[in-house]
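# need coordinates for the below:
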Amino acid sequence: MKNKNKSQLAVFELYKALSASDESSEELKLMVDTLNINIDNKLTVESLNINHFPKELKKSTFKKVLSICTDRILLINGGFPKNQTLGHEYYSLNKLLVLAKVMNTLILRTAALTIAEELVTRAKKYYFLNLCFEGYRILYSTKIQLGDIKGFEDSNRQFTKYLEYYQIEKSIEIESFKIRGLPSITSSDQNEIVQNIDSIINQFSPFENVIPSFYFHYSYYHLLYLKYTYSKESGKLYESAKTALDWFESLKFMHLPGRIHFATIQVIYLIQVREYEKAIPLIEKNKFLLRPYSIPWYRTIEKEIILYFHKGDFEKGVQVFFESQNKSTHVSRDRRSQATWLLYEAYVNLILETDSASYDWRKKRFSIQKFINDLPEFSKDKRAHNIPILIAQMLFFIVRKQYNKAIDRIESLDKYASRYLRNDETFRSNCFIKMLLEIPKNSFNQLRVERAAEKYFRRLLDSDIDLIDQPFEIEIIPYERLWAIIMNHLRPDHHYTPKKPRDPVLH
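Numbering: from 1, shown residues only. The predicted model follows:
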């Protein structure tokens with residue numbers, strides 16, 4: 001973004017903050033509301049046209065508007081719901097800290113002292129360590145000026161304690177971000193990563209359940225999650241997620257990210273080990289905590305759809321899909337999330353076209369070509385997401401008896417598997433693709449295909465689904481269930497020969 005545009009956008013954002021002030025004029029609110037710009041959208045910011053700004057904004061300089069904001073800082077409403085959420089409390093307490101500092105600077109010490117006492121009481125309740133030591137710093141400096149030596153010593157001890165807590169909190173947070181920020185990790189790197197995480201965990205484990213900090217515990221338990229993911233210790237991962245969720249649920253306030261994240265980890269594990277009934281209450285709890293039709297809510301719905309598809313309850317899975325889509329309050333998802341839901345839509349339509357469910361809210365026939373065109377991002381991904389896309393295309397062609405197109409698609413699958421899929425990482429996908437290769441080789445005859453694919457099918461049954469260490473969308477429907485759907489759609493008396501000769505490319 002050009003510096004001029006950046007400065008002008010900063011002016012607009014300051015005006016937006018002022019418009020939320022308790023003393024803002026109706027004209028200012030109207031000016032901000034009528035400016036049709038989404039400052040959270042990266043593309044909009046980069047293509048910002050300052051000519052669209054109202055005249056008052058064009059004439060304003062950053063320093064001028066900043067001066068007004070500084071004067072009104074305590075009047076600006078952050079827009080948080082006033083129901084004692086963490087965001088609302090943190091915002092309110094930061095304003096309290098500013099006020100305490102101003103009173104202290106003006107040598108209005110009794111006011112500063114009283115405000116700082118209120119600040120640390122509330123900050124300790126919500127585990128805001130930075131506000132705790134900032135509040136105690138004002139307390140010890142004020143009390144020594146008032147001649148309260150004992151009060152100074154007590155406040156200084158608390159300041160030192162919470163400053164140390166805060167430093168530990170930030171240290172593990174930084175280490176966690178370093179691990180999470182690593183590029184794609186290969187299997188050869190995993191042992192080294194696990195050792196690195198182990199070292200961090202050993203360093204910080206003495207502070208578990210000691211430091212009153214949700215940041216610390218979120219980072220600590222997330223490191224455990226990463227360790228057990230890379231070391232493929234699913235059982236330990238599940239137990240650590242249960243411990244984490246218990247900790248966050250024991251708080252006297254709601255820390256939503258911690259509760260949602262560690263409940264979701266448990267859900268994924270429970271689906272993987274086929275303990276679906278244990279996962280359903282966790283999903284319902286997450287849905288209750290989240291605002292309906294928000295992006296986090298939709299991510300929870302994704303897990304619910306996957307659960308019912310893996311359970312084999314296609315009727316319920318399709319119902320959940322349509323009920324989450326058919327709302328006027330539908331949110332605008334990011335591009336990656338939109339692509340994921342297009343993938344789910346394809347498999348929902350496949351279920352309906354094979355009569356595997358009857359809950360049908362479709363308004364028009366599913367277009368395979370539109371599905372291919374709408375997924376350019378996934379189509380370029382040679383690591384994982386191409387697998388369900390290519391499989392879905394082929395299966396639709398089989399179901400619709402477009403056998404020549406199905407043969408073309410299976411050739412693409414064969415080439416894709418030989419180039420991009422590694423046996424150790426995508427064993428189940430390799431097995432399933434080899435099973436699909438047998439369909440055109442055996443003329444789409446149900447009995448011949450089942451006999452030819454039996455050895456691969458047995459290998460598939462003997463393998464475990466790994467939902468934790470791979471993209472969740474690879475097996476939207478478990479391959480075993482998908483195979484049964486397709487076999488039920490083939491006929492035992494059917495024989496198909498391609499209409500035009502083609503070079504043999506199948507192995």
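
# can we go C-alpha only for contacts and neighbour counts from here?
OK.

# the stretch 401-507 of the chain: helices as residue ranges?
Here the stretch 401-507 of the chain has its helices, by DSSP state H, counting those that start in this stretch, at 403-420, 427-441, 446-462, 479-489.

# could you check the angle helix 446-462 makes with the second one?
Think helix 427-441. Here helix 427-441 points in a direction 170 degrees away from that of helix 446-462 (axes from the mean of the first three to the mean of the last three CA atoms, to 10 degrees).

# pLDDT on helix 427-441, on average?
For helix 427-441, mean pLDDT is 88.

# circling back to that earlier point, tell me the most buried of the helices of the stretch 401-507 of the chain?
Burial of those is given as mean neighbour count (mean count of other CA atoms under 10 Å); helix 427-441 ranks first at a mean of 21.

# give me the buried positions along the helix or strand containing S171.
Using DSSP states H and E, S171 maps to helix 149-180. The neighbour-count check on helix 149-180 (16 or more other CA atoms under 10 Å) flags 151-152, 155-156, 158-159, 162-163, 165-166, 168-169, 172-173, 175-176 as buried.

# quick one: the strands in the stretch 201-350 of the chain?
Using DSSP state E, counting those that start in this stretch, the stretch 201-350 of the chain contains no strands.

# tell me where the model's unsure across it.
Residues of the stretch 201-350 of the chain meeting the criterion pLDDT under 70: 326-336.

# what segments of it are helices?
214-230, 234-249, 256-272, 276-289, 295-311, 314-325, 335-353.

# which among those is found nearest to A452?
Closest approach to A452 among the helices of the stretch 201-350 of the chain (CA to CA): helix 335-353, 24.1 Å.

# and the next helix or strand after that closest one, what's buried?
Remark: after helix 335-353, the chain's next helix or strand is helix 368-373, criterion DSSP H and E. Buried positions in helix 368-373, judged by neighbour count with 16+ other CA under 10 Å: F371.

# give the rounded mean pLDDT of helix 368-373.
Averaged over helix 368-373, pLDDT sits at 82.

# circling back to that earlier point, okay, the helices of the stretch 401-507 of the chain in CSV with distance to I68 next?
Shown next, in CSV, are the helices of the stretch 401-507 of the chain (distance: least, CA to CA, whole Å):
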stretch, distance to I68
helix 403-420, 58
helix 427-441, 61
helix 446-462, 67
helix 479-489, 62
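
# of these, which shows the lowest average pLDDT?
Among the helices of the stretch 401-507 of the chain, helix 403-420 scores lowest, with a mean of 78.

# count the neighbours of the closest residue in space to E353 that isn't next to it in sequence for me.
Nearest residue to E353 in three dimensions, chain neighbours excluded: V399, at 7.5 Å (CA to CA, 6 or more residues apart in numbering). Residue neighbour count, defined by other CA atoms under 10 Å, stands at 17 for V399.

# so who does V399 touch?
353-354, 486, 489 (CA atoms under 8 Å, 6 or more residues apart in numbering).

# out of those residues, who's nearest T110?
E353 (74.8 Å).

# give me the pLDDT for that closest one.
Listed pLDDT for E353 reads 91.

# helix, strand or coil for the residue of the chain positioned farthest from its centre?
Centroid-distance maximum for the chain: G147 at 52.5 Å, with CA atoms, centre = their mean. In three-state terms, and counting by DSSP: H, G, I helix; E, B strand; the rest coil, G147 is coil.

# quick check: it vs L307, distance?
G147 sits 65 Å away from L307, going by CA to CA, to the nearest Å.

# backbone dihedrals for the residue farthest from the centre of the chain, please?
The phi/psi pair for G147 (degrees, to the nearest 10) reads phi 80, psi 20.

# and it, what's its pLDDT?
Looking at G147, its pLDDT stands at 90.

# residues in contact with it?
Contacts for G147 (CA under 8 Å, 6+ apart) come out as none.

# next one: it from S141, what distance?
G147 is 10 Å from S141, by CA to CA.
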